[in-house]
Each structure stands twice: as structure tokens, then as C-alpha cells.
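>>> Next input, structure requested:
(chains A and B)
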Number of protein chains: 2
Amino acid sequence: MSENNIELSNENFIEEILNPRSICVFGANNNLMTTMGSMQLRNIIAGGGFNGNIFPVHPRLEKVQGIQAYQSIFDIPIIPDLAFIILPTRIVPQVMEECGQKGVKHLIITSGGFRETGSEGKELSKQIDKIAKKYDMRFIGPNCLGVYNGWYGYPDKRDAYFNTFWIYLPHKRGNISIISQSGTVAAQTAFYTNDLGIKIGKSISVGNERNIDLVDVLRYFKDDHLTEVIGLYIEEIKQGKEFIKLAKATTPYKPIVAIYAGGTQAAARSIMSHTGSISADNKIYEAVFKETGIISTNSIKDFLYYLRTLSQAQSYKVFPKGNRIGIITDSGGPGAMMTKSAELYGLEIPEFSTELQLEFKKDIPKTASSVNPIDITFHENFMNMFIKFPKLLMKSHEVDAVIVFGVYDFDDIMNVIEKSGMKLDENMKNMKDIFEKIVLKSIKRLMKKYSIPVFFAGPYPYRYPWMQKFIEHDIPIFSMWDDITKCLSILCRYAEYRKNLNPKFKN
Amino acid sequence: MSENNIELSNENFIEEILNPRSICVFGANNNLMTTMGSMQLRNIIAGGGFNGNIFPVHPRLEKVQGIQAYQSIFDIPIIPDLAFIILPTRIVPQVMEECGQKGVKHLIITSGGFRETGSEGKELSKQIDKIAKKYDMRFIGPNCLGVYNGWYGYPDKRDAYFNTFWIYLPHKRGNISIISQSGTVAAQTAFYTNDLGIKIGKSISVGNERNIDLVDVLRYFKDDHLTEVIGLYIEEIKQGKEFIKLAKATTPYKPIVAIYAGGTQAAARSIMSHTGSISADNKIYEAVFKETGIISTNSIKDFLYYLRTLSQAQSYKVFPKGNRIGIITDSGGPGAMMTKSAELYGLEIPEFSTELQLEFKKDIPKTASSVNPIDITFHENFMNMFIKFPKLLMKSHEVDAVIVFGVYDFDDIMNVIEKSGMKLDENMKNMKDIFEKIVLKSIKRLMKKYSIPVFFAGPYPYRYPWMQKFIEHDIPIFSMWDDITKCLSILCRYAEYRKNLNPKFKN
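Here you go, the predicted model:
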């Protein structure tokens, strides 16, 4: 062993795979357009954490992507912490054998063509099992994209990440960790998560799970202090009993959201050719999710939305104490629709007390409603809508969570107004800064003070700057008004679940 | 009567309100920030269709937004085709009376505070009814935003629109028409519809429906040759029997998608304070929707997605002949999830014939699946994925619709690659143009030739340029993979419904 990995131990194999200090890469070259491995190496380099400890292995090239390459792993001067392999299936065992001889203990095998493609693949699978056993190696894959670790080397390395996915855009790091039997769910979701402010710190594409499986990773995330919410994409669970035990022990402390992609006939066929898994009846999985307190969905968007909701609640430590929702809106239609959907999701929209209504009536036009939803109509008063009214609701003890619908991109509006010839004063032009300084910061403080979450929404797509302002500040914001009640219902349900099972929050 | 509106007749009152050649506006000034009416006038001007025939009425100002203002309607030199009123509630009857005396036959009354706010409002409502009757006037509202007509003056005026909403961004015009008892659903959805390519030609916010109601407008859209798909936001239906009759006569020719916002206890309360309507039990509406073939949803996003799906089918005249779906993907996870959701929505993902599978096998790697979904894995061949494979499926007679998942923003990818130091040849750099010229145009042609719809999807948000490329070409494109199967199931269901009831498509 070199001094490089003297203190390695296979007890912490996932931590080691997520935080290698050196890596050798098989199957990358200089053509980033056509070979996936080249793109993956590019992304490893872009993570910026390695200080030159990357060792491409290539039979012919002297340099790969500007880095000195080696003809064989035996030429590398140290024992790399991790080997990354994306080579044609049939040569994988040979390369693994060499890694074993060199002393490499951890691997990511991206190559496909093992279990999911019939008898030859199965034979090769057995070979790699044997080699791993012989050399006491642990590996992720085959048929996976590997890992993304936004917390690479943390806290020593503050801005580095470790990304072996072929997707160049890393997730923005946060307290969400993903375990996925689909590389796409682990990686290609980054465009979406970044736009919506869904902060994923660690994401692991486990592929065929020949050596390290979902349950192994779940065990690691259960005790990982950087993980507060867990997302699972499941096609099959190998260690069923262990999964149930582990999930039950995790959910009272860290919520788990899961997609189960199997359960229908054609889905089973599709899964067989994807990871080679045998999927089971939907009802079995539904029962498991219920027993373990796992929140499940068939929708990728809901999956990511739920993760964001729980992630923000965990990081603010703000969970609703009941399911009574107060709605403040400038718009009757969304108000009515949110009220209906909230009720359908099991939330309560209580009528406010006369005293509370009188408080609101002081500040809204006669034609507006103060009952719940409070519909302030077009009478947009910034401070009322975003601070005073939410605060009144928080103090009232009449609701457990607040929805504010009426976020507009005022810069966009003012732009239009200015172009139309009206002169705007400086205060108006600086509205975004004022909004940021006063509204967003106060809301965060109030949420924590009263322990009541406030969810915001507006009719703009997320790309608009004022929507992004909320996202930057990690304040729950929703484009349109469908998802807000769904997410609140998930949050209320989880808060209730936790209250019953987590000793810290028991009544 | 002036020569201006000599051929007006109240039989065509909605057409007249959507296409006025002159308009007088009550309640607008120069402050676009705080008065809604000023913003509405600004938007009427921005529509560009009036050539100066806008007459602001204002007691003090000489000019409003650069246009000569009049102290009284009696000072206006012609009889305006339309009066637009956004004034305090109690002076509305007086102004209406003056409009009547002047000879104005059509009005939009935006002012709120009538039915929805108790006895005084009810009294005022009766007054405006009386005045309308006295002068044979028809009006939209009160408590509405008015109308958007993307087809204003068409075909004579090619680029004009008529927009009385306070939202400055007009919808992109197309064959969808909206009738909404919520101004927000009619207007504030424009940010979203424009990003997603949902083309709304006409949108009417009917408000309290004191004079013109949803059924009146539905009757108009039924025979309007610019309307091919209809969207309804409903809190209450006043002419129930007539609605059912009309909807039944419409849906075999023009699909209707509806949101019913009432039906739960708190929703009923919310609606009462919004438009003053009394909502009814959900089950009643469900039965009406079923009987009339109306597609219903509680989600605003689904509402808009369904409208887009049906709009594209109507404009291409391409409807699936059955519910067998073929899926081409580069990604096992989305493939499995789409397969599952398709089955849950009642679609079929048939296993392809051996012959067809052999065709695919020629062009995909050994590790890939050819069964259905076809999972081409990372082996992205542009032409195969987007043209050759869809065409093979279309020709096969084995499917009725095709899904292609794997749209990436290749410009974004190439940008990353170039920045990483790899030199790209010109062909690659021009990929977007090639894609546009060859792929998008061919796909449109093939869809029409085989009468089989092809739906595309990718992991990017809509804001990315390659997603927008599809939208520009009006080709079904979806961000992420949830909504694609849902929309296809709606399309297949509607195609089947139409086949049974529309003589032109009967088997």
C-alpha cells in the first residue's frame, strides 16, 4: 500500500468511493462527443478536487484531456483510491484483475452488458464477483453512471465536487441524497433540479448492484450527517428484509421519497432489459412503503418536488404542527383551485375567526375576501401581501402553514411600464433589492420564529429572475398553483408521522 | 348611429366585443403601477390594431398615455364600438347609462364589488341589468378582466391583437379558445403558455356573467372557425341544460377541457367570495363532464398540457387510431417509468414483432433493448433516434403513437465540450440547423403521412434553446417524462370518443 491510502478500510467503502484522493480511469480518450467515458473524465476533472491525482489508462495515447496517461495500471506511481472503468464488457474482468493486483480496493464499473443481456453477460458477472472477492474489492455497478458527491472533501475542500456522471452540470449541493437504479434519475435531472432549487448533495447510480446495492447505500446515508432527506429510484430490492428494517429506522429522522418503476406487465419487461431486475407487484411495494413510512410517487416531478419540500423543512427545522392552511392570494381562481386541491389532499382550510378577519379587513378593499382564502384582489400591497398578512396568520394560532399566491416578476412589469413611457422613481427600480433585503430575509426569520412554513407561488415559469430570487434564498416557491398544496400535504403528513415515531418530537 | 358601426347586430355580440374598431376606456390614467385600468389601456394600445380609435374618458386629464382624452363620452366624435369600464362600483350604473344614451351597444365591465359582496352589490347588479335592457346592450362582466383576441381583425390585420387584460404579455395565438370565470386562468397563464408553446387565440374572462355567460361564449366558439379546442374554467354554470346540449354538440368536433373549481366545502366558500357563485357537488359535475365528453382535471398544468396536445392534433389533423404506444429512449429509467404510467393511464406498450425487432437490432448496440421500449443506451445516433426509428415504427402498423425520449440541448453540450479544449468541426457546430432542417421538418411530414403522432421529451426545462426549437415548430415536446403519457392517453381517449360520435370519423 502507498501512503496515499494507508488508513483505508472497507467498512467505509461508500464514503471512500465518494471521496477518493486519487482515481484511475479506463475507457476515456479525447473525443468528448462520442465516448461516454471521455465525458465522464471531463466531468471528474471539472470537479476541481483532485490536484492532479487523476490517472487515465490508455493503450496508445500519451495524454488524455491534457493529463498524462499510462499504458497500464502497473505504470501508475501510486495505488489509486478508486478505479473508474468504462470499457467493452468482455475486457472488464481482465482490467479488474489488474486493479486487484495493483491493490485498488474500490471501483466504479460503468460498462453495461452484464446481467441485463442473457447468458454470456451472466457468466461475466460471476467472473467479476470472483475477482472482487479474491482482492477484497468493493464496486458500484456494472451498468451505472457512478457517483456525484457535492460534498467532496468537505469541509477541507470548500468548492470541489466529484462527478463521474456524463452529465456536465452538477446538482447544487444540499441535504438531499439520491440512490438510483437509473442513471438518468441520478444525473440527467440536474438541469431541472438546478432550475427549481432542489439541492442534491450526493447521488449514486447503483446500476446492476452486483456488489454494492441500494440497501448498502441506504445504510450509509442513514448515518451520514450531510444527508437529511433521501430519494430512491427502485426497480428491484435485493435485500428485502434488511431494506424494511433500515427504512423503518431511518424515516422518523430522515424522510425517504421513493419511485417504484415496476409493477405493471410491460414495465416489468422494460426493467428486465434495463438493469436485469425482476420487478414485483405494485401492491407489495405499496405495502412496504406504508409499513416503512416511505413517501412514494410514480412521477419524477413530484419526486423532486417532495424532496425539495422536505429538504427545506429539514434545513430550517420548520415543520407544520397540524394540517390547517391559511391562503393569501391576489387571485380568486387560483385561490379556489388551491382550496379544492388542499381539501382533496386531506388538508384543512379553516374559516378565520371574526377577530382575525377584522385585522385583515383594515388593509384590504371592501370587495376583497378575508375569510380564507384571503383574496386581496388587484390591491397589491407588497408589504401586506408578503410580510404583514403572513405574520398575522402565523401569530394567530389559527393555521399551521401559510400559502401566498401572487409572486410576480416586478422587474419584468416595470420594464414594460418604463418602455411604455412612464417614468419610474428610484425606489421602484430598486424593488428587487428591497424585496430581497426586507421580505425574503424577514420571511425566513418569521418561519423559524413561529415554526410555521410559508409557501409562495406565482404564475411565472422558474426561469424568471424573481422566481430565482426565492430559489437563491431557499424559500419554497412554486410556478403555478398545482404543486403547492400537494407538497404541503406531504410535509404535513410527514410531520405527523415523525411526531409519532421520533422520540424528540413525540407529543 | 355613426357610419363606424352601421352593420353591427347584437346577434354577433361576442364577435363584436372581440373585434371592436373603436373603444372608449373609463378608469385609465397615466399611472401604470397602481391602477389596473391604466395597465389595461396600455395593453389595448400595445395590441396595435386600433389606428387611433381609442378614446380615454377622464374628468381631468387632457391626454392619457399619449392619447387625447375626453371629459365625457358625449364629447367623443363617433359612437365607439365598445366601452371598457373600470371605475368604482357605485358609479358604474351612471356611466353605463351615458354609454346607452350615446348609443354604445357593447361593454366590458371590469369593476368588481357587485354580486360577490352582499346586498348593496346585488342592488347595483340589478341596476346595470336594467340599463342594459333599456338600451339593448350586451356586456361582459362585471368583475372580469375582459378579453384577449389574438385574431383581432384577422385576416385583414395580420399582426394585431386585442388585449384588455392587465397582463402585458399576450398569449401566442392559435386554435385554442378559453372561457374562464377566473381572470388569472384567462390571462396570467400567458407566461406559462408562451414558454410551453400552448397557443391560445381567444381568451375571455367572463367574471360575474351578469349579461353574457359561459354558455353564450361557448355557443360562439362552437361555430367560430378559428377555434378548434376549447378550455373552460368553471365555478358555476348558469344555463345547465343549455350547457349540456351545447357541449354534447361541440365535443365530437372540438374537444373541450374543463376545470371545475368547486365541489368541496371550503372551495364553495372561496368561490362565493370570488365570483359570488354557488358551487355544486363534485359528483354532479363529474356526471355532466362524462355525459358531454368533456375532459376534466383539477390541475392548471394538466389543463394547459391537454389543450396543447389537442391543439396540435387538431392543427395537424393527426389522431392516433388506437392506444398502442411505441417508446424509443436512450434511458432505461424514464423508459420504465413511462411504460408504467402509460399502462396505468390505459395505454398499451405492445412487445414488437420479431421482424421489427430485427430491424432495430441492426442499428443498436448488443447491450440495448429492442423489445419496447427500445433503449438505445448512450449510443446516440441522431438520425436513428429522431427519424429512422420513429419511421420504422410508423410503417410497422404495430403502434398508434410514438414517444421519443432523449432530446438534449446539444448546443449546450457542445459548448461545454469546446470549453474543455476539444475542437469541433463545422458540421457539429451547425447541428441545430441540420436538426431543424432535416429532423423537425421530416417528422412533421411523417406524422401527417402516416397519421401517427410522435411525442418528444428530454430532461431539460423548457427554457433551453433546443426545447424551444420544437416549440417553434409546434412539435409535441415535454420537459421530463411525466406528462407525456398522460397527454397521450387524453389524446387516444378523445380520438376514440370522436370516432364514435363524429360522422366524419366513424368506423
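>>> All the strands of the stretch 251-400 of chain A, residue numbers only.
Using DSSP state E, counting those that start in this stretch, the strands of the stretch 251-400 of chain A run over A:256-260, A:295-296, A:325-329, A:374-375.
>>> Contact partners for residue A:352?
By Cβ atoms under 8 Å, 6 or more residues apart in numbering or on different chains, the contact set of residue A:352 is A:326, A:360, A:370-372, A:374, A:396, A:398. Where C-beta positions appear, they are placed from N, C-alpha and C, glycine not excepted.
>>> Filter these to keep only those in contact with chain B.
A:371-372 (Cβ under 8 Å from any Cβ of the partner chain).
>>> mind checking how far the residue of the stretch 351-500 of chain A found nearest chain B is from residue B:233?
Per Cβ to the nearest Cβ, residue A:369 is where the stretch 351-500 of chain A lies closest to chain B, at 3.4 Å. Distance, residue A:369 to residue B:233, by Cβ to Cβ, to the nearest Å: 18 Å.
>>> Who has more neighbours out of those two?
For residue A:369 versus residue B:233, neighbours defined as other Cβ atoms under 10 Å in any protein chain shown are more numerous around residue B:233 (27 against 24).
>>> Look at that one and give its secondary structure.
Three-state assignment for residue B:233 (DSSP: H, G, I helix; E, B strand; the rest coil): strand.
>>> Would you agree it is in contact with residue B:183?
No: assessed by Cβ atoms under 8 Å, residue B:233 is found out of contact with residue B:183, at 9.7 Å.
>>> got any residues that touch both of those two?
With Cβ under 8 Å, 6+ apart, residue B:233 and residue B:183 have common neighbours residue A:333.
>>> Would you check which pair of the contacts of residue A:352 lies furthest apart?
A:371 and A:396 (13.7 Å; Cβ to Cβ).
>>> follow-up on the earlier one: I'd like the contacts of residue A:352 laid out as TSV, including neighbour count and pLDDT.
TSV is the format used below for those (neighbours: other Cβ atoms under 10 Å in any protein chain shown; pLDDT from 0 to 100):
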residue	neighbour count	pLDDT
A:326	26	98
A:360	22	93
A:370	21	86
A:371	18	90
A:372	28	94
A:374	28	92
A:396	16	96
A:398	17	98
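>>> out of the contacts of residue A:352, which one sits closest to residue B:203?
Nearest to residue B:203, judged by Cβ to Cβ, of those is residue A:374 at 26.3 Å.
>>> Tell me how many other residues crowd the residue nearest to the closest one when sequence neighbours are not counted.
Distances taken as Cβ to Cβ, 6 or more residues apart in numbering or on different chains put residue A:328 closest to residue A:374, at 4.9 Å, once the chain neighbours are dropped. Residues lying near residue A:328 (other Cβ under 10 Å) number 27.
>>> Quickly list what residue A:328 is bridged to.
residue A:374, residue A:404 (DSSP bridges).
>>> Test my guess that it contacts residue A:405.
Yes: at 7.3 Å, residue A:328 counts as touching residue A:405 under the criterion of Cβ under 8 Å.
>>> returning to what we had before: out of the contacts of residue A:352, name the ones that lie in helices.
Among those, the members found in helices (DSSP state H) are A:360, A:396.
>>> In a markdown table: the contacts of residue A:352, plus distance to residue B:490.
Below are the contacts of residue A:352 laid out as a markdown table (distance: Cβ to Cβ, whole Å):
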| residue | distance to residue B:490 |
| --- | --- |
| A:326 | 34 |
| A:360 | 40 |
| A:370 | 38 |
| A:371 | 35 |
| A:372 | 33 |
| A:374 | 35 |
| A:396 | 42 |
| A:398 | 40 |
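>>> Which other helices and strands does the one helix or strand residue A:177 maps to contact?
Using DSSP states H and E, residue A:177 maps to strand A:176-180. Strand A:176-180 makes packing contacts with strand A:200-205, helix A:214-223, strand A:229-234, helix A:300-316 when contacts are defined by 3 or more Cβ pairs under 8 Å, 6 or more residues apart in numbering or on different chains; DSSP states H and E.
>>> that older thread, closest to residue B:322 out of the strands of the stretch 251-400 of chain A?
So among the strands of the stretch 251-400 of chain A, strand A:256-260 is nearest, using Cβ to Cβ, at 28.3 Å.
>>> So which elements touch that closest one?
strand A:229-234, helix A:282-292, strand A:295-296, helix A:300-316.
>>> quick one: residue A:483 and residue A:348, what's the gap?
In terms of Cβ to Cβ, residue A:483 sits 19 Å off from residue A:348.
>>> Now do residue A:336 against residue A:232, distance only.
35 Å.
>>> between the two, who's got more neighbours?
For residue A:336 versus residue A:232, neighbours defined as other Cβ under 10 Å are more numerous around residue A:336 (35 against 26).
>>> if we can go back for a sec, switch the helices and strands packed on strand A:256-260 over to TSV; also include distance to chain B and mean pLDDT.
Below are those laid out as TSV (distance: least, Cβ to the nearest Cβ, whole Å; pLDDT from 0 to 100):
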stretch	distance to chain B	mean pLDDT
strand A:229-234	6	98
helix A:282-292	9	92
strand A:295-296	12	98
helix A:300-316	5	98
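>>> Could you list the buried residues of stretch A:131-138?
A:131-132, A:135, A:137-138 (16 or more other Cβ atoms under 10 Å in any protein chain shown).
>>> Which strands and helices lie in contact with the longest helix seen in chain A?
Longest helix in chain A by number of residues (criterion: DSSP H): helix A:483-501. Contacts defined by 3+ Cβ pairs under 8 Å, 6+ apart place helix A:483-501 against strand A:295-296, helix A:300-316, helix A:332-344, strand A:401-405, strand A:454-458.
>>> The third one relative to strand A:325-329, how many degrees between them?
The one in question is helix A:332-344. Orientation check (axes from the mean of the first three to the mean of the last three Cα atoms, to 10 degrees): helix A:332-344 against strand A:325-329 gives 170 degrees.
>>> mind exporting helix A:332-344 as CSV, just the C-alpha atoms?
Extracted in CSV, the C-alpha atoms of helix A:332-344 (Å, rounded to 0.1, in the frame of the first residue of the first chain):
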residue,chain,number,x,y,z
GLY,A,332,-59.8,34.2,-6.8
GLY,A,333,-59.3,31.4,-9.4
PRO,A,334,-56.0,30.0,-8.0
GLY,A,335,-57.5,30.6,-4.5
ALA,A,336,-60.5,28.4,-5.3
MET,A,337,-58.4,25.7,-7.0
MET,A,338,-55.8,25.5,-4.2
THR,A,339,-58.6,25.3,-1.7
LYS,A,340,-60.2,22.5,-3.5
SER,A,341,-57.0,20.6,-4.1
ALA,A,342,-55.9,21.1,-0.5
GLU,A,343,-59.1,19.6,0.7
LEU,A,344,-58.7,16.7,-1.7
